[in-house]
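Peer 1: Give me a model of this one.
(one chain, ligands or ions: 2)
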Amino acid sequence: MGEAVDPAYVQAPEHRPKQSVIVAEGIPLIDLSPINYQQEEPITPVSIQGLIKEIGSACKEWGFFQVINHKVPLRKRERIEDAARKFFELSLEEKIKVRRDAINVLGYFEAEHTKNVRDWKEIYDFNVQQPTFIPPSDDSDDDENIQFQWDNRWPQNPPEFREACQEYAQEVEKLAYKLMELIALSLGLAPNRFNGFFRHNTSNIRLNHYPPCPYPHLALGLGHHKDTGVLTVLSQDDVGGLEVRRKSDGEWIRVRPISNSFIINVGDMIQVWSNDAYESVEHRVMVNSEKERFSIPFFLKPALYTDVKPLEELTDDNNPPIYRAVNWGKFRTNRMRSNFTKSNVENLQIYHFKISQ
Ligand SMILES: O=C(O)CCC(=O)C(=O)O
Ligand SMILES: [Fe+2]
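Peer 2: Numbers count the residues shown, from 1 in each chain. Ligands and ions are numbered 1, 2, ... in the order given. Have a look, this model is predicted:
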């Protein structure tokens, strides 16, 4: 990545980062110490009314919050961070041995596009569960319906990479399910209401590396987007750069790094299940010319065969469903194609599933 500006990375003027950064009050900070997410039984709502309220209003007002006292062991988090750093330090030649391609959707990739502009980053993706592979339902009207391969592609180096990734995945997954119980309760649902959707889940973890960028005022580490899945649990380092679109006024707000915390955000599927009670909110990542940055999102995602539609308990005559069913496998496949290269068509977005009123 030289000094000359590569037009592939240049954002349209309205999407370029602003020089002044608003940190303001920022997204809500929620203390999870009232729950013990290690226990197997669903949480009992009585003792945690306050927490459920906080989660509910954070989901409604921001779609984002930050959690502390989450009980994911710091040691495991540091271990995967260290493995990620060592992996990205390898030569490009080494890294492309596990490079993603049009069929293998997991592994290393350095040419991601978001909304058809190239992101200033490199990534590594792995699935949390080795899938019992269930293809998106037979789709004869879709001539681009390719059979993707979902096998994890582990690099040889650093040697501890695979173990570090898998250990961390287990811990962060437990946290994600506990958060789903809290979110269910905050919507007035039974805590285990969402459990059934994740038996053959397609959850994945992404390692993000944003190298220093010589023209940070023109490019973005990651262009503005919404997360397509159910829930994201993100670990960011202390550099900062993540910005969230504030719902109240549309301003971009910087998320302040807090050590040993996680950033949680609602994805498109919660938006559909909740019939817009909780919305998936836009976010993006700024880069800077001095420091590289690392982040590790865990994306909770349902089984490929899941039809996601507004939950019956949350809809009635006065609040009719505003979405038709979204088949997760098809939605994901379609989006995956568009992340791969620059294309001339608009990406499939969740609003395309809105029932016209
Ligand atoms: O790097 C970050 O802080 C955010 C990453 C993100 O939003 C994503 O990978 O979807
Ligand atoms: Fe994201």
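Peer 1: Residues of the stretch 201-350 of the chain that sit close to ligand 1?
Peer 2: Residues of the stretch 201-350 of the chain lying near ligand 1 by C-beta under 6 Å from any ligand atom: 206, 208, 222, 227, 234, 236, 242, 283, 285, 295, 297. All C-beta spots, glycine's among them, are computed from the backbone N, C-alpha and C.
Peer 1: low-confidence ranges in the stretch 251-357 of the chain?
Peer 2: When the per-residue scores of the stretch 251-357 of the chain are filtered using pLDDT under 70, the ranges that remain are 337-346, 357.
Peer 1: Please read the previous query as pertaining to the chain.
Peer 2: Residues of the chain meeting the criterion pLDDT under 70: 1-3, 19-25, 36-46, 131-147, 337-346, 357.
Peer 1: biggest helix in it by residues?
Peer 2: Of all segments of type helix in the chain, defined using DSSP state H, the longest is helix 161-186.
Peer 1: quick one: buried residues of it?
Peer 2: 161, 164-165, 167-169, 171-173, 175-186 (16 or more other C-beta atoms under 10 Å).
Peer 1: same deal with stretch 215-228?
Peer 2: Of the residues in stretch 215-228, those buried under the neighbour-count criterion (16+ other C-beta under 10 Å) are 215-216, 218-228.
Peer 1: Check stretch 73-90 too.
Peer 2: 76, 77, 79, 80, 81, 83, 84, 86, 87, 88, 90.
Peer 1: Please apply the same query to stretch 186-196.
Peer 2: Applying 16+ other C-beta under 10 Å to stretch 186-196 flags 186, 187, 189, 191, 193, 194 as buried.
Peer 1: need the contact list for the last one.
Peer 2: By C-beta atoms under 8 Å, 6 or more residues apart in numbering, residue 194 lies in contact with 180, 183, 184, 230, 273.
Peer 1: now the second one
Peer 2: Taking C-beta under 8 Å, 6+ apart, we find residue 187 in contact with 56, 274, 277, 278, 314.
Peer 1: mind pulling up the phi and psi values for it?
Peer 2: Main-chain torsions, residue 187, degrees, to the nearest 10: phi -90, psi 10.
Peer 1: For residue 65, see how far away it is.
Peer 2: Counting by C-beta to C-beta, to the nearest Å, the gap from residue 187 to residue 65 is 15 Å.
Peer 1: and the residue nearest to residue 99 when sequence neighbours are not counted, which of the three is it?
Peer 2: In space, not counting the residues next to it along the chain, residue 99 is nearest to residue 108; the distance is 5.0 Å by C-beta to C-beta, 6 or more residues apart in numbering. For residue 108, the assignment made with DSSP: H, G, I helix; E, B strand; the rest coil gives strand.
Peer 1: Around residue 108, how many other residues sit close by?
Peer 2: Here the neighbour count serves as a burial measure; for residue 108 (other C-beta atoms under 10 Å) it reads 22.
Peer 1: again, but for residue 352
Peer 2: Other residues near residue 352 come to 13 when the count uses other C-beta under 10 Å.
Peer 1: That one and ligand 1: what is the separation?
Peer 2: For residue 352, the distance to ligand 1 (C-beta to the nearest ligand atom, to the nearest Å) stands at 20 Å.
Peer 1: quick one, phi/psi of the closest residue to residue 122 other than its chain neighbours?
Peer 2: Counting by C-beta to C-beta, 6+ apart, the nearest residue to residue 122 once its immediate chain neighbours are dropped is residue 110, at 4.2 Å. In terms of degrees, to the nearest 10, the main-chain angles of residue 110 are phi -120, psi 10.
Peer 1: now swap in residue 84 and tell me
Peer 2: phi -60, psi -50.
Peer 1: Residue 304 now?
Peer 2: Reported as degrees, to the nearest 10, the phi and psi values for residue 304 are phi -60, psi -30.
Peer 1: for this protein, what spans make up the helices?
Peer 2: 49-61, 74-89, 92-95, 161-186, 268-273, 328-340.
Peer 1: Kindly present the ones you listed as TSV, with separate columns for distance to residue 119.
Peer 2: Conversion of these to TSV gives the following (distance: least, C-beta to C-beta, whole Å):
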stretch	distance to residue 119
helix 49-61	27
helix 74-89	15
helix 92-95	16
helix 161-186	22
helix 268-273	19
helix 328-340	9
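Peer 1: Out of these, flag the one nearest residue 11.
Peer 2: Residue 11 lies closest to helix 328-340 among the helices of the chain, at 16.5 Å (C-beta to C-beta).
Peer 1: Residue 202: what's it in contact with?
Peer 2: Applying C-beta under 8 Å, 6+ apart, we find residue 202 in contact with 127, 129, 131, 150, 301, 302, 303, 304, 328, 332.
Peer 1: any idea how far it is from residue 5?
Peer 2: From residue 202 to residue 5 the distance is 37 Å (C-beta to C-beta).
Peer 1: how far away is residue 292 from residue 88?
Peer 2: As judged by C-beta to C-beta, residue 292 and residue 88 stand 9 Å apart.
Peer 1: can you check residue 308 too?
Peer 2: Distance, residue 308 to residue 88, using C-beta to C-beta: 34 Å.
Peer 1: One more: residue 48?
Peer 2: Counting by C-beta to C-beta, the separation of residue 48 from residue 88 is 39 Å.
Peer 1: Next up, the contacts around residue 148.
Peer 2: Listed by C-beta under 8 Å, 6+ apart, the contact set of residue 148 reads 103, 104, 105, 333, 336.
Peer 1: ok so, going back, which one among the residues of the stretch 201-350 of the chain next to ligand 1 gets closest to residue 116?
Peer 2: Nearest to residue 116 among these is residue 222, at 13.5 Å by C-beta to C-beta.
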